[in-house]
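A.B. asks: My questions are about this predicted structure, shown below with the sequence.
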Amino acid sequence: MANSFEFTQPRDVAEALDALAQPGRVMPMAGGTNIMVNMKRAPLEADLVVDLTRLEELMPISAANGTIRMGAGVSFARLLEWQPGGALEGLMKPMCIAFAGPLIRNLATAGGNICDASAAADISPPLLALDATVELDSAAGGIRTLPLPEFFLGVRRTARRPDELLTAVEFPCPAADERWFYYKLGKRKADAISIVSIAMTVKLVQGRVERARIALGAVAPVAMHARETENLLQGEPLNEVTIGAAAATAAREARPIDDFRATGAYRRQMVETLVKRGLNHIAQQDK
């Protein structure tokens with residue numbers, strides 16, 4: 001098994017976009033944590049690898065006009081150190097703690113984890129729960145944005161065109177009274193692929209749900225919103241009856257498979273359990 005490809009390390013985003021516009025099989029690489037593993041199994045299907053690790057334009061996290069902008073090159077180690085408070089930190093910090101180990105967190109990036117498009121990608125459920133959009137840029141077409149659910153097309157498939165680079169993720173800054181829950185179920189507490197993961201944000205007004213976002217990982221071909229469950233919760237109090245109905249609905253919405261980590265039936269059962277646990281936690285969470 002031999003890998004044969006050209007390699008380039010652009011100095012800025014414009015140079016990276018020019019490289020991606022070249023003919024042939026061109027592959028952008030951020031931390032490379034998935035690419036390096038895949039190269040051990042089969043030759044890399046690329047004529048040119050574009051290394052993005054030096055592009056500081058992709059690394060800032062900023063807030064303006066109620067919107068958080070996260071560069072695609074932000075590492076999981078950087079996210080772990082980030083202390084924005086509230087629902088944002090409540091989702092991101094435990095996700096980063098459960099993500100791989102320290103060495104991988106130093107290399108792996110938010111954009112790389114999104115573009116890998118694994119159903120079990122750790123960052124996808126928190127970003128879905130935050131109503132994230134992705135920004136894509138190309139030399140020929142310029143910038144376009146997509147809601148994250150539209151970016152994921154299927155297993156390891158995204159809406160990114162070959163000449164495009166995912167440059168940033170944006171989402172509304174959660175309100176101060178936004179409530180949250182995150183949990184990753186794996187065979188270990190860290191450095192494990194998800195069996196099921198869940199992220200949720202809920203805004204309550206006078207004891208009733210004004211807005212709910214429930215995102216699930218590793219239970220469908222792509223990370224998913226539990227849309228029917230979110231709609232069921234709208235306008236309802238978080239009492240035992242509502243929570244039980246929501247948990248059962250989320251379990252029905254999930255489309256899990258059997259694999260070496262767990263059976264589909266077990267995953268479906270855990271979706272119901274974790275949605276129930278999460279909503280009970282949110283109902284008791286201080287504002």
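C.D. replies: Thanks, I have it.
A.B. asks: What segments of this protein are strands?
C.D. replies: 6-8, 26-29, 48-51, 61-64, 67-71, 133-138, 142-147, 152-154, 157-158, 165-172, 179-185, 196-205, 208-217, 224-225 (DSSP state E).
A.B. asks: Show me what the first one packs onto, helices and strands only.
C.D. replies: With contacts taken as 3 or more Cβ pairs under 8 Å, 6 or more residues apart in numbering; DSSP states H and E, strand 6-8 sits against strand 48-51. In this view, the C-beta of every residue, glycine as well, is placed from N, C-alpha and C.
A.B. asks: Each with direction, which strands does the strand it packs on pair with?
C.D. replies: Strand 48-51 has its sheet partners listed here by DSSP bridges as strand 6-8 (parallel), strand 26-29 (parallel).
A.B. asks: I'd like the average pLDDT over the longest one.
C.D. replies: Spelled out, it's strand 26-29. The average pLDDT for strand 26-29 rounds to 96.
A.B. asks: sorry, back to before: nearest to residue 41, of the strands of the chain?
C.D. replies: Closest of the strands of the chain to residue 41 is strand 26-29, at 15.6 Å (criterion: Cβ to Cβ).
A.B. asks: before we move on, back to that, save the strands of the chain as TSV, and put in distance to residue 86 and mean neighbour count too.
C.D. replies: Listed next are those as TSV, based on distance: least, Cβ to Cβ, whole Å; neighbours: other Cβ atoms under 10 Å:
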stretch	distance to residue 86	mean neighbour count
strand 6-8	40	12
strand 26-29	32	20
strand 48-51	35	20
strand 61-64	12	12
strand 67-71	11	18
strand 133-138	20	20
strand 142-147	22	12
strand 152-154	26	16
strand 157-158	29	16
strand 165-172	12	22
strand 179-185	8	24
strand 196-205	10	24
strand 208-217	15	23
strand 224-225	21	20
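A.B. asks: which residues are contacting stretch 204-215?
C.D. replies: Residues outside stretch 204-215 that contact it (Cβ atoms under 8 Å, 6 or more residues apart in numbering): 124-131, 177, 179, 198-203, 223-226, 229-230, 233-238, 246, 250, 275, 278, 282.
A.B. asks: mind listing what's buried in the worst-scoring helix or strand of the chain on mean pLDDT?
C.D. replies: Every helix and strand of the chain was ranked by mean pLDDT, DSSP states H and E. The lowest is helix 33-41, at a mean of 81. Going by neighbour count (16 or more other Cβ atoms under 10 Å), the buried part of helix 33-41 is 33-35.
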